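Q: sequence unavailable; structure follows:
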């Protein structure tokens, strides 16, 4: 069997998601760090893996995969993780919950986007202001959407799923940038449940950051 290799960055939200999914699947993998701060994602070597110049990239089952949600869907379908409900009506609601973070909050709060916002604003606190401007409203909307589910104790049931995988990296970013989320009771309850799950704990940036 070929070795599973994850090209990632310890603070990347998308990489964090895939680390959680790999852990949930019980897949051992080799991590190859791509330092986003140093610009290694734009190296010819990495662009050959992912022409978008993003992380993560995953080599598994003889394939080279990109885009975190697509990778997670592949792991779900090939390893039977049960990350989405079988009922189509519930499945579309869970996908919407996950996409509210991964598709709406995350792209506008990508580090390169925030850095450019700082550059054109000329403000030293430009990155922090940008992150706070978009993360807080997005998390408030997520909290409201979460109210249509019963937390027991995860976003959508008794086992972690796609929404939880997307939520935890966003919670990490919110706290990193000083965004107030303590008043989001449903969200923080899910956070507490995920924090004690071994697959989530092992994927946390603090457990993966360089020595």
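A: Yep, it's here. Because the structure is predicted, anything quoted here is derived from the model rather than measured.

Q: the bottom helix or strand of the chain by mean pLDDT?
A: Lowest by mean pLDDT, DSSP states H and E among the helices and strands of the chain is helix 111-121, with a mean of 87.

Q: if we look at that one, which residues are touching it?
A: Helix 111-121 has contacts (C-beta atoms under 8 Å, 6 or more residues apart in numbering) with 36, 107, 124, 126-127, 129-131. No exception for glycine: its C-beta is placed from N, CA and C like everyone else's.

Q: buried residues, it. List them.
A: 111, 113-114, 117-118 (16 or more other C-beta atoms under 10 Å).

Q: again, but for stretch 98-112
A: 98-102, 105-106, 109, 111.

Q: which residues are in contact with stretch 65-85?
A: Residues contacting stretch 65-85 (C-beta under 8 Å, 6+ apart): 14-15, 17-18, 21-22, 24-25, 27, 49-50, 52, 54, 56-59, 61, 91, 94-95, 98, 102, 156-157, 159-162, 165.

Q: any idea how far apart the tips of that stretch sit?
A: 24 Å (C-alpha to C-alpha, to the nearest Å).

Q: list the buried residues in it.
A: Quick answer for stretch 65-85 (16+ other C-beta under 10 Å): 65-69, 71-76, 81, 83-85.

Q: so which of these belong to helices?
A: Those of the buried residues of stretch 65-85 mapping onto helices are 68-69, 71-76, per DSSP state H.

Q: rewinding a little: quick check, nearest of the buried residues of stretch 65-85 to residue 176?
A: residue 68 (18.4 Å; C-beta to C-beta).

Q: which of the ones in helices among the buried residues of stretch 65-85 sit farthest apart?
A: Of all the pairs that those form, the one spanning the most space (C-beta to C-beta) is 68 and 76, at 12.3 Å.

Q: mind listing the helices for this protein?
A: 13-24, 44-49, 68-79, 88-99, 106-108, 111-121, 126-146, 162-176, 185-195, 198-203, 205-208.

Q: run through the residues that contact the residue of the chain most remote from its centre.
A: Distance from the C-alpha centroid of the chain peaks at residue 122, with 29.1 Å (C-alpha atoms, centre = their mean). By C-beta under 8 Å, 6+ apart, no residues touch residue 122.

Q: got the confidence number for it?
A: The score at residue 122 is 90. That number is its pLDDT.

Q: any idea how far it is from residue 114?
A: 14 Å (C-beta to C-beta, to the nearest Å).

Q: in contact with the nearest residue to residue 42 once chain neighbours are set aside, which residues?
A: Spatial nearest neighbour of residue 42, excluding adjacent residues (C-beta to C-beta, 6 or more residues apart in numbering): residue 53 at 5.1 Å. Going by C-beta under 8 Å, 6+ apart, residue 53 touches 41-42, 46-47.

Q: isn't residue 143 up against residue 190?
A: No - contact criterion C-beta atoms under 8 Å: residue 143 and residue 190 do not qualify, at 10.0 Å.

Q: higher neighbour count, the two?
A: residue 190 (25 against 16; other C-beta atoms under 10 Å).

Q: so the more buried one makes contact with residue 153?
A: Yes - with contact defined as C-beta under 8 Å, residue 190 reaches residue 153; the gap is 7.0 Å.
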